[in-house]
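In: Please find the sequence and the predicted model below.
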Amino acid sequence: MVASTMETPRATGVGIDIENVSLAYGKTVVLRDVSLVIAPGEFFALLGPSGSGKSTLLRLLAGFNRANAGRVRIGGVDVVELPAWKRDVGMVFQNYALWPHLTVAENVAFGLEERRWPRERIRQRVRDMLELVSLAGFDDRRPGQLSGGQQQRVAIARTLAIEPRALLLDEPLSNLDAKLRASTGLELKRLQRRLGITTVFVTHDQQEAMTIADRLAVLDQGVIQQVGTPRQLYDAPVNRFVAEFVGSINLYAGKIEDGAAGACTVSVEGLGRARVRPDRATAVTAGAGGMVAVAFRPHAVRLAGTTPVEGLAFDAEIGTTEFLGEFVRYELAVGALRVVADLPHARFVEALLPGARARFVVSAGEIVVLADPPR
Ligand code: ADP
């Protein structure tokens, strides 16, 4: 066996600290008092709808934008005054920005030639980088002769070649077709793990962010709504925006019957009442009589069995059904309310035809209470 002589970029990630950053284009405020700590080696996603300020924040880290206020430190070094080329971070653009007239190898070598590396070292480095992104042997092709996924890998190889301290990716999967997206995302994650390079990527696709990122920040209108692991955001959203943006959810106006800011009993007209776990109502400050949002995921809805369940219980009429393979998505009508229920299809497919009535339950542990009631 031949020992690998591959020279990989340095494996120690750097931390990124963003402190009270605000940015406006003229009168349009795009980032409002954004603070964020990204750990060394983390794969971090900035998630939000279009126009929420994600790219602006990413470009700020790269040095293409300037904040009106606040500090940005990369690896402990204040970079606010540093131009992009002195920050030592690599950015991969959404359109990859490859030189169409250069070969794959020339594209990857580009930054190294600019840095005046010796010819032989460049050759070795290009070979290592193409091997790293599984494109060995593609040296002489031009970008136009590659698939979208391959072009992206060239762009990543080119960026990693210069040994950046951190990697910034702008919508890394958006140019790929749906089938490639999942596998490319996992490949990206494996590569990132192997290199240990701190990576920040921007996406508007919650599923993409959830599957790839170690942690993510959800942005809305230039304000960070919540930061956490995919599980934390999914299981314990802090407000309605996050609850509705991350995954599907049923969400209703509810009333606090007793207790507050912790173990409280809530009621939703038509669905019943439930005693909610303290860790599922942390954002609630209203007392008895206060209006809140009561939310639960479609997969939390189950057909009522013979054993009673602590939580919501309601009779519903089956509406439209959508067969999704592992489960069936049912739209249930409970008076004027609509409830989406994801049920495993195998057992219930016969019983639940449109127009039929059945009793459903949502156990108390699956219910989240949020401070902002729906309008
Ligand atoms: P996202 O990446 O979340 O889609 P952006 O950061 O691109 O959002 O943009 C946030 C807001 O800033 C948008 O309202 C956008 O129109 C505005 N914006 C972005 N770049 C500029 C610019 N150079 N000049 C003026 N407004 C801008």
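Out: Sure, I can see it.
In: In this structure residue 359 contacts residue 317, no?
Out: No - the criterion here is CB atoms under 8 Å, and residue 359 misses it with residue 317 at 11.4 Å. C-beta: built from backbone N, CA, C; applies to glycine.
In: in the chain, which strand has the most residues?
Out: Using DSSP state E to define each element, the chain has its longest strand at strand 311-323.
In: Packing partners of it?
Out: Strand 311-323 is packed against strand 272-276, strand 327-334, strand 337-344, strand 357-363, with contacts defined by 3 or more CB pairs under 8 Å, 6 or more residues apart in numbering; DSSP states H and E.
In: Residues contacting that strand, please?
Out: For strand 311-323, the external contacting residues (CB atoms under 8 Å, 6 or more residues apart in numbering) are 268, 270-274, 296, 304, 328-334, 338-339, 345, 352-367.
In: What's the mean pLDDT across it?
Out: Average pLDDT, strand 311-323: 93.
In: Can you list the strands that that strand pairs with?
Out: strand 327-334 (antiparallel), strand 357-363 (antiparallel) (DSSP bridges).
In: How far off centre is the last one?
Out: Centroid separation between strand 357-363 and its chain, computed with CA atoms, centre = their mean, to the nearest Å, is 32 Å.
In: Just the element for the closest residue to the ligand within the stretch 101-250 of the chain, please.
Out: Closest approach between the stretch 101-250 of the chain and the ligand, counting by CB to the nearest ligand atom: residue 202, at 6.0 Å. Per DSSP states H and E: residue 202 is located in strand 198-203.
In: Of all the strands paired with strand 311-323, which one comes closest to the ligand?
Out: Proximity to the ligand (CB to the nearest ligand atom) singles out strand 327-334 among those, at 28.8 Å.
In: Using CSV, lay out the strands paired with strand 311-323 together with mean neighbour count and distance to residue 22.
Out: Formatted as CSV, the strands paired with strand 311-323 follow (neighbours: other CB atoms under 10 Å; distance: least, CB to CB, whole Å):
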stretch, mean neighbour count, distance to residue 22
strand 327-334, 18, 41
strand 357-363, 18, 41
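In: Kindly report the residues of this protein close to the ligand.
Out: 25, 28, 30, 48, 50-56 (CB under 6 Å from any ligand atom).
In: what do you get if the cut-off is 8 Å, keeping everything else the same?
Out: Residues of the chain found near the ligand (CB under 8 Å from any ligand atom) are 25-26, 28, 30, 46, 48-59, 202, 204, 219, 222.
In: Strands - which of the residues you listed land there?
Out: Per DSSP E, the subset of these in strands is 25, 28, 30, 46, 202, 219.
In: The last one and residue 51 touch, don't they?
Out: So the one you mean is residue 219. No - applying CB under 8 Å as the test, residue 219 and residue 51 come out as separate, 9.9 Å apart.
In: Please identify which of those two sits among more neighbours.
Out: Legend: neighbour count by other CB atoms under 10 Å for residue 219 and residue 51, higher for residue 219 (27 against 14).
In: mind checking pLDDT for the residue nearest to the more buried one when sequence neighbours are not counted?
Out: Closest residue in space to residue 219, ignoring its immediate chain neighbours: residue 48 at 3.5 Å, by CB to CB, 6 or more residues apart in numbering. Confidence at residue 48, expressed as pLDDT, is 96.
In: can I assume residue 48 is in contact with residue 206?
Out: No - if you go by CB under 8 Å, residue 48 and residue 206 don't touch, sitting 9.5 Å apart.
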